[in-house]
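**Student:** Structure for this input, please:
(one chain, ligands or ions: 2)
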Amino acid sequence: MNTPEVLECLATEPLNVDGRLLAASNATLRCSTDSDVLCVYKPQRGERPLWDFPSGTLTGREIAAYQIDSALGFGLIPPTVWRDEGPAGPGMCQLWVTEDDDARLVDVVSPDAVPEGWISVLSASDGAGHPVVLVHADHERLAQMAVLDAVLNNGDRKGGHVITDSLGGIWGVDHGVALSVEPKLRTVLWGWAGADLPDDSINRLVSLRERIDSGFVELEPWLSGAEIDALRDRVHTLIESGEFPVPNDDWPAIPWPVF
Ligand SMILES: Nc1ncnc2c1ncn2[C@@H]1O[C@H](COP(=O)(O)OP(=O)(O)O)[C@@H](O)[C@H]1O
Ligand SMILES: [Mg+2]
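**Tutor:** Ligands and ions are numbered 1, 2, ... in the order given. Here you go, the predicted structure:
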């Protein structure tokens, strides 16, 4: 199935609930469609309220994030649609990507076990007091994800929100805590902080800025005018600086737990 076909299935076929994801903090259900497309369905009314985001907006932010990733052309977020009538009411529905646990690109390891060519992001100690490091691969797709997260102002890029599938495809999931007006970038992907952005990313950012300036109407149901303005400002700042962002002292830079 190509992406438009997947989007069509996710948007129109009945969703059969297979189970609930226990690792999730919101009501997150694993479903299948009648043509056996697996997906994640998050009903809007299952959102856990947060102090720093307006209630009931997280599932819609996931749609906005998908639209922005598509506009950038990265294709890092699995196809994501809105369902007015899901089994537990309105909510978001996203293609399930099956993780290959042996192909993880983010990890916590002992300092003498950092895989060759990987980047260390943070040193810490584990529960027993042994030193550990948070590491990620030096991979082009992860660098693109770091650009996407800077654009989305993603507040929750945990290791578990980076998925490698069995074909080596790399995906980002869980973009509900994103697109705030306030700076909230919190991520495990700091390996390129302050480095020059790749030219390819700058070109994509320039196209995205044009898209926003000419009216990115697909975002309007999900984001406030101020949030769309803040998105435009972040894209502009990235283009002007030409660099990956660096951690901000006023905000915890690493999500906790990291997975
Ligand atoms: N599209 C997806 N494909 C595969 N696994 C997913 C997908 N979306 C979420 N997951 C898995 O389910 C877990 C919980 O989902 P998540 O989106 O993080 O929910 P929550 O918003 O409650 O934190 C994720 O950490 C990830 O392991
Ligand atoms: Mg999550």
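**Student:** hey, let's count contacts and neighbours off CA atoms from now on
**Tutor:** OK.
**Student:** partners of the helix or strand hosting V121 in the sheet?
**Tutor:** Using DSSP states H and E, V121 falls within strand 119-125. Partner strands and pairing direction for strand 119-125 (DSSP bridges) are strand 131-136 (antiparallel).
**Student:** next helix or strand past the strand it pairs with?
**Tutor:** helix 140-152.
**Student:** What helices and strands are in contact with that following helix?
**Tutor:** strand 170-172, helix 225-241 (3 or more Cα pairs under 8 Å, 6 or more residues apart in numbering; DSSP states H and E).
**Student:** Turn these into a markdown table, including distance to S125 and mean pLDDT.
**Tutor:** As requested, those are exported to a markdown table (distance: least, Cα to Cα, whole Å; pLDDT from 0 to 100):
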| stretch | distance to S125 | mean pLDDT |
| --- | --- | --- |
| strand 170-172 | 27 | 98 |
| helix 225-241 | 33 | 98 |
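**Student:** In the protein, what residue spans correspond to strands?
**Tutor:** Using DSSP state E, the strands of the chain run over residues 15-20, 29-33, 38-43, 80-86, 89-95, 106-109, 119-125, 131-136, 162-164, 170-172.
**Student:** ok, of the ones you listed, where does mean pLDDT dip lowest?
**Tutor:** If these are sorted by mean pLDDT, strand 119-125 sits at the bottom with a mean of 92.
**Student:** distance between that one and the chain's centre?
**Tutor:** 22 Å (Cα atoms, centre = their mean, to the nearest Å).
**Student:** List of residues touching it?
**Tutor:** Residues from elsewhere that reach strand 119-125 (Cα atoms under 8 Å, 6 or more residues apart in numbering): 114, 131-138, 188-191.
**Student:** Closest one of these to D156?
**Tutor:** The nearest member of those to D156, counting by Cα to Cα, is V188 at 8.8 Å.
**Student:** tell me the most buried of the strands of the chain?
**Tutor:** Neighbour counts (mean count of other Cα atoms under 10 Å) averaged over each of the strands of the chain peak at strand 38-43, with a mean of 26.
**Student:** Can you work out which other helices and strands pack against it?
**Tutor:** strand 29-33, strand 89-95.
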